[in-house]
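> sequence first, predicted coordinates after that:
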Amino acid sequence: CVCTCGDHQVCDPSKGGTIFDYKAKTLNGSRTVSLSEYRGKTVLIVNYLGKILKNYGFTVLGFPCNQFGKQEPSANHELLASLKYVRPGNGFIPNFILFEKGDVNGDTEQGLYTFLKVKLIPTSSEPAVLIMTLLFWQPLKINDIKWNFEKFLVGPDGKPLMRWFPRVPVSEVRTDVLKYFRQYLSHA
């Protein structure tokens, strides 16, 4: 990686591997999506669907997970109604694609998350482990997703660029994303 800055990390996209090597099932299970469908698009990958950034010129992919305090207990077929009426509620309908609920850590983690966590390891300012009784996976690893709202920005070439930890304010993520787009467009 090129730079670790506070609670986020910027990575060298010239390193091997892309998200295009992975597939994920849509929330309703009707389709398996090759992430190569997002070739040429900047993508924000997030492991929680409740509160999300508004779309700032990139594609958002939501991967719900129930490994953190069992905060996402709904079955896949219940998630959209849960979002609309319970949390966040108020008629919320996501304007991004949601994939089936799955694990982001441990022995049963999705391959995509294994890839992302290897490419963008955590910064030293984030605690290695939060409250152990609220974590539901084994084994615990230093590069694990720490909690809901962890985000990864992936470039149009499928290579991970940035990782933000859960406590990073959305305003800071937005600033980083807009800075990335300015740099990307100036080199295009």
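Sure thing, it's come through.

> the nearest residue to H77 once chain neighbours are set aside and L79: what is the separation?
Excluding its sequence neighbours, the residue lying closest to H77 (Cβ to Cβ, 6 or more residues apart in numbering) is N28, at 6.9 Å. Just so you know, the C-beta spots here come from the backbone N, C-alpha and C atoms, and that holds for glycine as well. Applying Cβ to Cβ, to the nearest Å, the value for N28 to L79 is 9 Å.

> what does I121 give?
In this view, I121 and L79 are 30 Å apart by Cβ to Cβ.

> can you give me every residue that contacts L116?
Neighbouring residues of L116 by Cβ atoms under 8 Å, 6 or more residues apart in numbering: 19, 45, 152, 160, 163.

> show me what the helix or strand hosting the second one pairs with in its sheet, parallel or antiparallel.
Following DSSP states H and E, the helix or strand that holds I45 is strand 43-46. According to DSSP bridges, strand 43-46 has the following sheet partners: strand 59-62 (parallel), strand 151-154 (antiparallel).

> roughly how far apart are R31 and H187?
34 Å.

> C-terminal to the helix or strand where E78 lies, what's the next element?
According to DSSP H and E, E78 maps onto helix 76-85. Later in the chain than helix 76-85, the nearest helix or strand by DSSP H and E is strand 97-98.

> other SSEs contacting that following strand?
strand 59-62 (3 or more Cβ pairs under 8 Å, 6 or more residues apart in numbering; DSSP states H and E).

> you'd agree L83 is up against P94?
Yes. Taking Cβ atoms under 8 Å as the definition, L83 is a contact partner of P94 at 6.4 Å.

> out of those two, which sits in the busier spot?
The residue with more neighbours, out of L83 and P94, is L83; 21 against 16, by other Cβ atoms under 10 Å.

> in the one helix or strand T175 maps to, which residues are buried?
Of the helices and strands defined by DSSP H and E, T175 is found in helix 170-187. Using 16 or more other Cβ atoms under 10 Å as the test for burial, helix 170-187 gives 173, 176-177, 180.

> now do stretch 84-103
92, 94, 97-103.

> now do stretch 109-123
In terms of neighbour count (16+ other Cβ under 10 Å), stretch 109-123 has its buried residues at 109-110, 112-113, 115-117, 119-120, 122-123.
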